[in-house]
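# task: produce atomic coordinates for the following.
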Amino acid sequence: MATPSELKAAQALLNTKCVLFNAKKPFVFTSGRISPVYVDIRRLIAFPQERNMLMGMAAEKLSELDLDFIAGGETAGIPYAAFISERLNKPMLYVRKKPKGFGRMAQIEGCMDEDGKSVILVEDLQTDGGSKKLFIDVLREAGAKVEHSFVVFHYGIFDQSVQNMKDLGVTLHELTNWWAVLDVARENKYFDEETLESVEFFLNNPDKWAEKNAHLADTKTA
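Numbers count the residues shown, from 1 in each chain. Predicted coordinates:
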């Protein structure tokens with residue numbers, strides 16, 4: 001069951017259309033997977049009222065942790081790391097996917113001169129968690145202690161997501177997930193019941209949903 005804070009965050013993402021439902025014309029991702037739901041957390045930066053509320057919630061959640069640095073992953077994690085580091089008055093870093101290729105050849109921007117500092121990786125969202133490994137490995141190779149990761153939105157439907165983070169020795173923190181979004185959408189009648197039932201089917205079994213609805217997809221990728 002979603003918590004009040006997860007529902008509040010979900011409401012903000014629905015209001016700003018950072019999350020979309022379309023069961024009759026599925027979204028097609030670059031991987032080829034089709035989905036009746038799509039999330040674009042990058043869009044949130046254009047809505048100061050909702051952005052400020054959600055970043056305040058994030059800062060409150062993370063203030064309980066013993067952190068030295070807030071690190072954003074290139075590129076979507078960078079603005080959220082900046083917003084959170086400002087609220088927590090913590091130094092910020094950002095991590096590139098690859099060294100920049102000139103000058104210092106830096107892959108981490110900012111200044112972390114001592115080993116053993118506690119760094120949290122901030123990203124916009126998490127699906128299965130596989131992409132987090134690159135950033136975490138880079139930070140650890142630079143001497144950081146990385147035990148936590150934060151995302152605004154966690155899909156929350158892939159079993160391997162939490163396990164992948166456990167395998168990395170990292171605890172995942174989130175503001176909300178698809179289950180909370182579905183609860184809010186249903187409670188407030190954002191979409192018709194047929195769409196909501198289709199989305200719920202997808203959230204419970206993405207592969208079966210895709211097999212059943214493959215005929216609805218076109219070749220345009222999200």
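# so what's the backbone phi/psi at Leu93?
Leu93 has phi and psi values of phi -130, psi 160 when expressed as degrees, to the nearest 10.
# and the residue nearest to it when sequence neighbours are not counted, how many neighbours does it have?
Using C-beta to C-beta, 6 or more residues apart in numbering and skipping residues adjacent in sequence, the residue nearest Leu93 is Gly110, 3.7 Å away. Every C-beta, even on glycine, is put in place using the N, C-alpha and C of the backbone. Applying other C-beta atoms under 10 Å, we find 16 residues neighbouring Gly110.
# now Asn22
Other residues close to Asn22 by other C-beta under 10 Å number 16.
# ok, and the closest non-adjacent residue to it?
Once flanking residues are discounted, Asn22 sits nearest to Pro36: 6.1 Å by C-beta to C-beta, 6+ apart.
# follow-up on the earlier one: check contacts around the residue nearest to Leu93.
When contacts are counted by C-beta atoms under 8 Å, 6 or more residues apart in numbering, Gly110 touches Phe69, Ala71, Pro91, Met92, Leu93, Tyr94.
# dump these into a markdown table; add distance to Glu114 as well.
As requested, the contacts of Gly110 are exported to a markdown table (distance: C-beta to C-beta, whole Å):
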| residue | distance to Glu114 |
| --- | --- |
| Phe69 | 10 |
| Ala71 | 15 |
| Pro91 | 12 |
| Met92 | 16 |
| Leu93 | 13 |
| Tyr94 | 18 |
